[in-house]
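Enquirer: Whatever this is, show me its structure:
(2 chains)
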Number of protein chains: 2
Amino acid sequence: MSDTVLVGLDVGGTSTRALAVTLTGDRLGTGRGGGGNPTSHGAERAADEILAALRGALATVEPTRVRAGTIGLAGAGRLLADPDGRAAFDRAWHAAGLRCPYTVHGDALVAYASGTARPDGTVLIAGTGAIAAEVRHMRLDRTADGHGWLLGDAGSGFWLGREAVRRLLADLDRAHAPGDLAAQVLTALTGSPEVASRPRRTVDAVVQAVTRRPPVELARLAPLVAAAAHRGDPVAGTLIAEAAEHLAATVARIRPPDAADPVVLAGGLLTGGTPLAAAVRAELTRRWPRTPLLTAGDGAAAAAWLAARELPDVTDPDALHRRLLPRPPTAPARTPPAR
Amino acid sequence: MSDTVLVGLDVGGTSTRALAVTLTGDRLGTGRGGGGNPTSHGAERAADEILAALRGALATVEPTRVRAGTIGLAGAGRLLADPDGRAAFDRAWHAAGLRCPYTVHGDALVAYASGTARPDGTVLIAGTGAIAAEVRHMRLDRTADGHGWLLGDAGSGFWLGREAVRRLLADLDRAHAPGDLAAQVLTALTGSPEVASRPRRTVDAVVQAVTRRPPVELARLAPLVAAAAHRGDPVAGTLIAEAAEHLAATVARIRPPDAADPVVLAGGLLTGGTPLAAAVRAELTRRWPRTPLLTAGDGAAAAAWLAARELPDVTDPDALHRRLLPRPPTAPARTPPAR
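Expert: Below is the predicted model:
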């Protein structure tokens, strides 16, 4: 049994990670590829990135030792409904020398499984966008938000960036001097923290700087909000608190008020001890006092674990989860975000 | 003096109106043209529409009798800064046979002047977008919002439409049956009020219906909110109240808390006795109890009045305003919106 190898892939919009690992938890190899979301990049391109990552992970592993594999990716449902896309993924799998079957799961399930082996719970993901999903019997059930920047993604990186610009514009309308966060946002957008003698000119410059790029790039301003909140800027603190409230309200759309199963926090804004992660933890604890709050871990290892659960000789999936995804002893305290 | 003729033009995004009127208030002619905003249509096209409207207004008037004229349009500042645009407007003016000079003012000033002759006050405009402007000595001073749908326009038609879709999506996430407004919005977007057995499919259909059109078209859903509020739908009522609060907050960015000069309400959402107009009146009265609230009237007549104010023989501009823009005896009560 210790000879059995699993392969897990975590396919994101900007990078793809693959891991080959034994049932005893020995990490035999890792590989990387570029962004492989079939919805945004096309299935062929996604399959190419998956193959590159697989080749890295299997560089020193005999592929016939691999007995199970899982690919986690955003847009999994669309891929499974598309025969051409599925065929492209099959070709990549076989080109890597793999002969075992593989399963495809949504990235939200993989994020959930990277935080806990419990079959029922909730995952909340906040990065550029924001979505919550209910997990039942280790399968995705209902989701909330994930509606995109125009109609949803409340409390996401996009939301934080847009609100930061809105607060700056409100300051300029009022002819108030920009505060800490507003000055940072103004500099990021116009190259200078200076306000013109007619503030409407600065307003126009800010609006034009935003509207000449794709709207989703407002998410790039989110780290400025986190940093200003760390420095104690009250506007940034308010935005973080409002974002946390939005994210908790998204969870509440699908999670009963008396639920006590775990919530896994995932995505760049909720992992790594950010101010938003701390605020979301406080807000979720207020609403669901008995809920264990967990943080997402290694997505590729979680995908490998999901693959192993299908094997008949895996009798204790909880113990396997502890081997593949060792947890830090306690949840991280409120620490500065990783730079 | 009664022989003196004035010309006023109100140039909007979808139509242009011209009026020829005497100082005694005799309306000699009106004309119409298509949308003439030089920012969105180009100055040449705008000038063509202005000429068409002028020819209509001057059909039975000897153009040399016209002693003053004003063109009110959105983007007036950009036009005045553009020599080619200004030359195109000059050509249209002369092609209509006019020999007197003309002035160009922003549409916000014309909207303000259509409601009052008082030289100082505030105008609040809500249609597809939303903007407030301070008027000092009958000139535009500071403005608030007007930042466009991505970053601003809080409380506008776009805002109402987007929030109506957001409430529908929240219902679908929660697996609640859509209420009155939500069912109307669902039908407008997907052609049917039915929710799929997997509500996520309906969510996807709604998101796709919105995102395959220009975002600003969300404003088309605003009349559904007004109609549902009239029928007593609580969600629509909440959205109207929130929009009114946003619009009042926009005014508060530029208007001192103790101000008592008038506020003129303008734009399709704030004229004609809509539920939003009533809510905005209540909210403004709460914040500025001593403020006269007025409603915008005929923009072309207001432009003509602005032109007349420059003439040396106009000694009582208030009396002239009453002649050119007769007011209804009282503000309209809460009546059904015009269809």
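
Enquirer: Tell me the residues of the stretch 51-200 of chain A that contact chain B?
Expert: Contacts of the stretch 51-200 of chain A with chain B, taken as C-beta under 8 Å from any C-beta of the partner chain, map to A:142-145, A:147-148, A:150-152, A:162, A:165-166, A:169-170, A:173-175, A:199-200. No exception for glycine: its C-beta is placed from N, CA and C like everyone else's.

Enquirer: Please apply the same query to the stretch 201-339 of chain A.
Expert: So the stretch 201-339 of chain A meets chain B at A:Val203, A:Val207, A:Val210, A:Thr211, A:Pro215, A:Thr250, A:Arg253, A:Ile254 (C-beta under 8 Å from any C-beta).

Enquirer: Adding secondary structure, pLDDT and neighbour count as columns, could you present those residues in JSON lines?
Expert: Formatted as JSON lines, these follow (DSSP: H, G, I helix; E, B strand; the rest coil; pLDDT from 0 to 100; neighbours: other C-beta atoms under 10 Å in any protein chain shown):
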{"residue": "A:Val203", "secondary structure": "helix", "pLDDT": "94", "neighbour count": "24"}
{"residue": "A:Val207", "secondary structure": "helix", "pLDDT": "94", "neighbour count": "19"}
{"residue": "A:Val210", "secondary structure": "helix", "pLDDT": "95", "neighbour count": "21"}
{"residue": "A:Thr211", "secondary structure": "helix", "pLDDT": "91", "neighbour count": "14"}
{"residue": "A:Pro215", "secondary structure": "helix", "pLDDT": "93", "neighbour count": "17"}
{"residue": "A:Thr250", "secondary structure": "helix", "pLDDT": "98", "neighbour count": "27"}
{"residue": "A:Arg253", "secondary structure": "helix", "pLDDT": "97", "neighbour count": "20"}
{"residue": "A:Ile254", "secondary structure": "helix", "pLDDT": "97", "neighbour count": "19"}
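
Enquirer: tell me which of these is nearest to A:Gly35?
Expert: Nearest to A:Gly35 out of those is A:Pro215 (C-beta to C-beta; 19.2 Å).

Enquirer: Contact partners for the closest one?
Expert: A:Trp149, A:Leu150, A:Phe158, B:Leu150 (C-beta atoms under 8 Å, 6 or more residues apart in numbering or on different chains).

Enquirer: next one: A:Ala236
Expert: Shown in contact with A:Ala236 (C-beta under 8 Å, 6+ apart): A:Ala164, A:Asp180, A:Leu181, A:Val225, A:Ala226, A:Ala227, A:Ala228, A:Ala229.

Enquirer: again, but for A:Leu320
Expert: Residues counted as contacts of A:Leu320 (C-beta under 8 Å, 6+ apart) are A:Leu23, A:Trp305, A:Ala308, A:Arg309, A:Val314.

Enquirer: Surely A:Val225 is in contact with A:Trp159?
Expert: No: counting by C-beta atoms under 8 Å, A:Val225 stays clear of A:Trp159, with 9.9 Å between them.

Enquirer: Counting neighbours, go ahead and name the busier of these two.
Expert: Between A:Val225 and A:Trp159, counted using other C-beta atoms under 10 Å in any protein chain shown, A:Val225 has the larger neighbour count: 30 against 27.

Enquirer: could the contacts of A:Pro215 go into a markdown table alongside pLDDT, distance to A:Thr16 and secondary structure?
Expert: Output for those, formatted as a markdown table (pLDDT from 0 to 100; distance: C-beta to C-beta, whole Å; DSSP: H, G, I helix; E, B strand; the rest coil):
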| residue | pLDDT | distance to A:Thr16 | secondary structure |
| --- | --- | --- | --- |
| A:Trp149 | 94 | 24 | coil |
| A:Leu150 | 95 | 27 | coil |
| A:Phe158 | 96 | 23 | helix |
| B:Leu150 | 95 | 31 | coil |
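
Enquirer: A:Ala175: neighbour count?
Expert: Close neighbours of A:Ala175, defined as other C-beta under 10 Å, add up to 13.

Enquirer: for A:Asp26, same thing?
Expert: Using other C-beta under 10 Å, A:Asp26 has 11 neighbouring residues.

Enquirer: rewinding a little: nearest to chain B among the contacts of A:Leu320?
Expert: Set against chain B, the nearest of these by C-beta to the nearest C-beta is A:Arg309 (24.6 Å).

Enquirer: how much space between the closest residue to that closest one other than its chain neighbours and A:Ala117?
Expert: Of all residues not flanking A:Arg309 in the chain, A:Pro317 sits nearest, at 5.1 Å (C-beta to C-beta, 6 or more residues apart in numbering or on different chains). Separation of A:Pro317 from A:Ala117 (C-beta to C-beta, to the nearest Å): 6 Å.

Enquirer: Also A:Leu276?
Expert: Separation of A:Leu276 from A:Ala117 (C-beta to C-beta): 26 Å.

Enquirer: Pick the one among the contacts of A:Leu320 closest to B:Thr14.
Expert: The closest of the contacts of A:Leu320 to B:Thr14 turns out to be A:Trp305 (C-beta to C-beta; 58.8 Å).

Enquirer: List buried residues within the contacts of A:Ala236.
Expert: With burial judged by 16 or more other C-beta atoms under 10 Å in any protein chain shown, the buried subset of the contacts of A:Ala236 is A:Ala164, A:Asp180, A:Leu181, A:Val225, A:Ala226, A:Ala227, A:Ala228, A:Ala229.

Enquirer: and of the residues you listed, the nearest to chain B?
Expert: Among these, A:Ala164 lies closest to chain B (C-beta to the nearest C-beta), at 10.6 Å.

Enquirer: returning to that earlier point: which among the residues of the stretch 201-339 of chain A next to chain B gets closest to A:Pro292?
Expert: Here the nearest of these to A:Pro292, counting by C-beta to C-beta, is A:Ile254; it sits at 17.6 Å.
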